[in-house]
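Peer 1: sequence and computational prediction follow.
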Amino acid sequence: MAARQENADKPALLMKELTGGYSQRRPVLHGMSVTVYPGEMVGLIGLNGAGKSTAIKHILGLMVPHSGEVRVAGVTLEENRDKYRASTSYVPEQPSLIPGLTVKEHLKWTAMAYQLEQDVAYERMEQLARTFRMTEAMNAMPETLSKGMKQKVMLMNALLVRPPLLIIDEPFLGLDPLAIRGLLEALEDVRAEGSAILLSSHILSALERRANRLVVLHRGHLIAEGTPREVKAQAGCNGPDSTLDDAFEALVASAEGGVPLG
Ligand SMILES: Nc1ncnc2c1ncn2[C@@H]1O[C@H](COP(=O)(O)OP(=O)(O)OP(=O)(O)O)[C@@H](O)[C@H]1O
């Protein structure tokens, strides 16, 4: 919260009234506005097909908005392409590693690309290897790693950089319980240093415990936003045993024309 107040005028991500998608005639996103401040972790949730990945593609500058704008670290892609790109680090749902480069070489390459100081890079690499229990796999080739280990390498690369905005798409799938715990702790460290995190996931229990705020997307419309407690209240789920899963189900039912909320 303190970080948010200090940087209230400098969001890491400012998505304003974004309408976008794959065809002008049938937008996927309808006037979506999301702000993420330095030091915050915001959870992006929604059913399959709700538009989460499409929103992420717009933030990454891989798709051009039909209207509205996206600012990362204060700039649009058109205003300052280099700053925009250097300010974001992205972990996709599907790991994609470079054949022929060891785990350590992937990390070194990332450190060079983002011009990290060598001492800082090595210290973080060692820490990340311990956090994700990958010390023994640092010299392994990607093709010899398990699916979860490949995902860990992707996460380690993103966490090495600590950019203003870290975007992670469904990070928990395929990770073992200790890796999930390690990831959540590593994200806390990254946030403490001022990075903002936008995390898309269907694992609502983790977001309920760890996210500062949630953005609930349904059919490309933002249907709820706020702290986990606020989102539950918006869904009318105020009981002590109510979970974010209960709230999400109620919000979707309401958006589909079912039970009115409140
Ligand atoms: N390449 C594409 N071309 C055309 N339409 C697409 C494309 N990718 C996704 N869509 C459509 O855009 C809508 C939103 O999809 P999107 O992938 O953003 O959903 P999502 O919330 O990320 O879903 P999931 O939880 O399944 O990953 C869906 O109706 C989908 O069919």
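Peer 2: All right, it came through fine.
Peer 1: was I right about Gly43 contacting Ser201?
Peer 2: Yes - counting by CB atoms under 8 Å, Ser201 is a contact partner of Gly43 at 6.5 Å. The C-beta positions use only the backbone N, C-alpha and C, and glycine is treated the same way.
Peer 1: look at these two and report which has more neighbours.
Peer 2: Gly43 (24 against 20; other CB atoms under 10 Å).
Peer 1: identify the contacts common to Gly43 and Ser201.
Peer 2: Common neighbours of Gly43 and Ser201 (criterion: CB atoms under 8 Å, 6 or more residues apart in numbering): Leu207.
Peer 1: can you give me the end-to-end span of stretch 189-206?
Peer 2: Start-to-end span of stretch 189-206 (CA to CA, to the nearest Å) is 16 Å.
Peer 1: residues contacting Ile45?
Peer 2: By CB under 8 Å, 6+ apart, Ile45 lies in contact with 52, 200-202, 204, 207, 214-217, 248.
Peer 1: out of those residues, which sit inside helices?
Peer 2: When those are checked against helices (DSSP state H), the matches are 52, 204, 207, 248.
Peer 1: how is the chain carved up into domains?
Peer 2: Domain segmentation of the chain under automatic domain parsing yields 2-87+164-255, 96-162.
Peer 1: and the ones you listed: which comes nearest the ligand?
Peer 2: Of all those, domain 2-87+164-255 sits nearest to the ligand, with 3.2 Å by CB to the nearest ligand atom.
Peer 1: is that closest one positioned near the ligand?
Peer 2: Yes - counting by CB under 6 Å from any ligand atom, the ligand is contacted by domain 2-87+164-255 at 22, 28, 46, 48-54.
Peer 1: so who does His58 touch?
Peer 2: Residues in contact with His58 (CB under 8 Å, 6+ apart) are 15, 18, 20, 29, 65, 70.
Peer 1: pick out the most distant pair among the residues you listed.
Peer 2: Leu29 and Val70 (10.8 Å; CB to CB).
Peer 1: what residues are shared contacts of those two?
Peer 2: Taking CB under 8 Å, 6+ apart as the criterion, Leu29 and Val70 both touch 18, 58.
Peer 1: quick check: phi and psi on Ile203?
Peer 2: Backbone geometry at Ile203, expressed as degrees, to the nearest 10, gives phi -90, psi 90.
Peer 1: same question for Gln151.
Peer 2: phi -60, psi -40.
Peer 1: which residues touch the closest residue to Ile180 other than its chain neighbours?
Peer 2: Among residues not flanking Ile180 along the chain, Phe172 sits closest, at 5.5 Å (CB to CB, 6 or more residues apart in numbering). By CB under 8 Å, 6+ apart, the contact list for Phe172 reads 180, 183, 201, 203, 206.
Peer 1: confirm Phe172 sits in a helix?
Peer 2: No - under DSSP: H, G, I helix; E, B strand; the rest coil, Phe172 sits outside any helix and is assigned coil.
Peer 1: picking up where we left off before, closest one of the residues of domain 2-87+164-255 next to the ligand to Gln118?
Peer 2: For the residues of domain 2-87+164-255 next to the ligand, the residue nearest Gln118 by CB to CB is Ser53; the value is 35.0 Å.
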